[in-house]
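>>> What would the 3D arrangement of this be:
(one chain, ligands or ions: 2)
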Amino acid sequence: MEEQIKAIVGKYYSEAEIANIGIFGRRVIVTLQNAAEDSAKTEAIEKEVKTLSGIDKVAVIHTAVRTAQPLFEQPQKWQIRGVKKIIAVASGKGGVGKSTTAVNLALALAAQGQKTALFDADIYGPSVPTMLGYEGTAPVSYDGKTFEAFEYQNIKSMSIGALIDRETPLIWRGSKACGAIEQLLTEVNWGEIDVMVVDMPPGTGDIQITLSQRLNFAGAVIVSTPQDIALIDAVKGVNMFRRVDVPILGIIENMSYYLCPHCGERAEIFGHAGAKETAARLDVPFLGEIPLHMDIRAHADSGRPIVSAAPQSAHAKAYMDIAAKIVSALNRG
Ligand SMILES: Nc1ncnc2c1ncn2[C@@H]1O[C@H](COP(=O)(O)OP(=O)(O)OP(=O)(O)O)[C@@H](O)[C@H]1O
Ligand SMILES: [Mg+2]
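Ligands and ions are numbered 1, 2, ... in the order given. Model (predicted):
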């Protein structure tokens, strides 16, 4: 099957431009690298691949190539005092549960003895203050130059939300947003930190690329829901970090299945295991699945995420298992 698809794509693009052909059950994702986007070619490929038996859906994705030579000069990394390792929690698409995952993972890392910090870099919708229960609290500065990190539930944290008014739409773009993030990150007294978790803005645009170049990331975790559309964006997320040479620690499938809070019945409303298959295809680790459950939402909304509020629960354990995998990957690397 892969050969047949390759033959079709090969009519329009050279072998060097075909980065990957992913077959996930009845759907196919063709990833092209460094090729000019051409909607006529995309349509032709989609149409022809769909005629193969057993294939219903086809998506053609364009990414930039990862070469031995860096595509651009490696810019200077931001220096964050006292912080040993930094990991990104990212998603190609908004609303997949990136912040919920970042907060619970940070708490799980702390519960495993890591001195942990959580930095909320999501300029579009900073939600860490709400999830950790310090919404509306202004950061303290003793010397008029630096801020003290918030210390809630055993982790240090700071949010870009501390600088912006929640009700005002954010009008910063590109370099201004990145400048604000750099300033905040470098002007906070973090103390001694083993792992800093960064809740990234969703997507793979300029701001996200700049952050992944400037922050000295030890690795990135990609959060996705099981739907095709989210998975396509997860692939983009993986490719973005690869492009700037940030190792991928793995993919997490969030809202993996629905667990009824009343009867405990499990329903796979968005399909299942798509993230696991995508991870295998991209040759990156699959870190685990988190169900869609009311308790996870309710605890995060109330400012005490489930890993803090119910550390013995099955959901907290799922985050703890993922955190353990992250710690061992960081220790290996
Ligand atoms: N596993 C889950 N079970 C139940 N609810 C969840 C789960 N994960 C996230 N949610 C809920 O889904 C909503 C979106 O989650 P969250 O804010 O973490 O997503 P996000 O990817 O950070 O979104 P954004 O792109 O807006 O920053 C929130 O209300 C959150 O409580
Ligand atoms: Mg968020």
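>>> so what's the residue lying closest to Asn254 once chain neighbours are set aside up against?
Nearest residue to Asn254, sequence neighbours excluded (CB to CB, 6 or more residues apart in numbering): Gly97, at 3.9 Å. Heads up, the C-betas are built off the backbone N, CA and C, glycines and all. With contact set as CB atoms under 8 Å, 6 or more residues apart in numbering, Gly97 has these partners: Val223, Thr225, Asn254, Met255, Ile290.
>>> to the chain's geometric centre, what's the distance from whichever helix or strand Val238 is part of?
Taking DSSP states H and E as the criterion, Val238 maps to helix 228-243. Chain-centre distance of helix 228-243: 9 Å, with CA atoms, centre = their mean, to the nearest Å.
>>> The next helix or strand after that helix - contacts with which helices or strands?
Sequence-wise, the next helix or strand downstream of helix 228-243 (DSSP H and E) is strand 248-259. Using 3 or more CB pairs under 8 Å, 6 or more residues apart in numbering; DSSP states H and E as the contact test, the elements touching strand 248-259 are helix 98-111, strand 217-224, helix 228-243, strand 266-267, helix 274-282, strand 286-292, helix 314-332.
>>> Identify whichever of the ones you listed lies nearest to ligand 2.
Ligand 2 lies closest to helix 98-111 among the helices and strands packed on strand 248-259, at 3.2 Å (CB to the ion).
>>> send the alpha carbons of that closest one over as PDB?
Provided in PDB are the C-alpha atoms of helix 98-111 (Å, rounded to 0.1, in the frame of the first residue of the first chain):
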ATOM      1  CA  LYS A  98      -2.500  21.300  26.800                       C
ATOM      2  CA  SER A  99      -2.700  23.400  30.000                       C
ATOM      3  CA  THR A 100      -4.600  20.800  32.000                       C
ATOM      4  CA  THR A 101      -1.900  18.300  31.000                       C
ATOM      5  CA  ALA A 102       1.000  20.800  31.700                       C
ATOM      6  CA  VAL A 103      -0.300  21.700  35.200                       C
ATOM      7  CA  ASN A 104      -1.000  18.100  36.200                       C
ATOM      8  CA  LEU A 105       2.400  16.900  34.900                       C
ATOM      9  CA  ALA A 106       4.200  19.700  36.800                       C
ATOM     10  CA  LEU A 107       2.400  18.600  40.000                       C
ATOM     11  CA  ALA A 108       3.300  15.000  39.200                       C
ATOM     12  CA  LEU A 109       6.900  15.800  38.700                       C
ATOM     13  CA  ALA A 110       7.000  17.700  42.000                       C
ATOM     14  CA  ALA A 111       5.400  14.700  43.700                       C
END
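>>> Need the mean per-residue confidence for that helix.
Per-residue pLDDT values across helix 98-111 average out to 98.
>>> mind listing what's buried in it?
By neighbour count with 16 or more other CB atoms under 10 Å, helix 98-111 contains the buried residues 98-111.
>>> same check, this time on stretch 217-233
Residues of stretch 217-233 classed as buried: 217-228, 230-233 (neighbour count, 16+ other CB under 10 Å).
>>> could the buried residues of helix 98-111 go into JSON lines alongside distance to Gly136?
Output for those, formatted as JSON lines (distance: CB to CB, whole Å):
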{"residue": "Lys98", "distance to Gly136": "22"}
{"residue": "Ser99", "distance to Gly136": "17"}
{"residue": "Thr100", "distance to Gly136": "20"}
{"residue": "Thr101", "distance to Gly136": "24"}
{"residue": "Ala102", "distance to Gly136": "20"}
{"residue": "Val103", "distance to Gly136": "17"}
{"residue": "Asn104", "distance to Gly136": "22"}
{"residue": "Leu105", "distance to Gly136": "24"}
{"residue": "Ala106", "distance to Gly136": "21"}
{"residue": "Leu107", "distance to Gly136": "21"}
{"residue": "Ala108", "distance to Gly136": "26"}
{"residue": "Leu109", "distance to Gly136": "26"}
{"residue": "Ala110", "distance to Gly136": "23"}
{"residue": "Ala111", "distance to Gly136": "26"}
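>>> near ligand 1 too, which of these?
Among the buried residues of helix 98-111, the ones lying near ligand 1 by CB under 6 Å from any ligand atom are Lys98, Ser99, Thr100.
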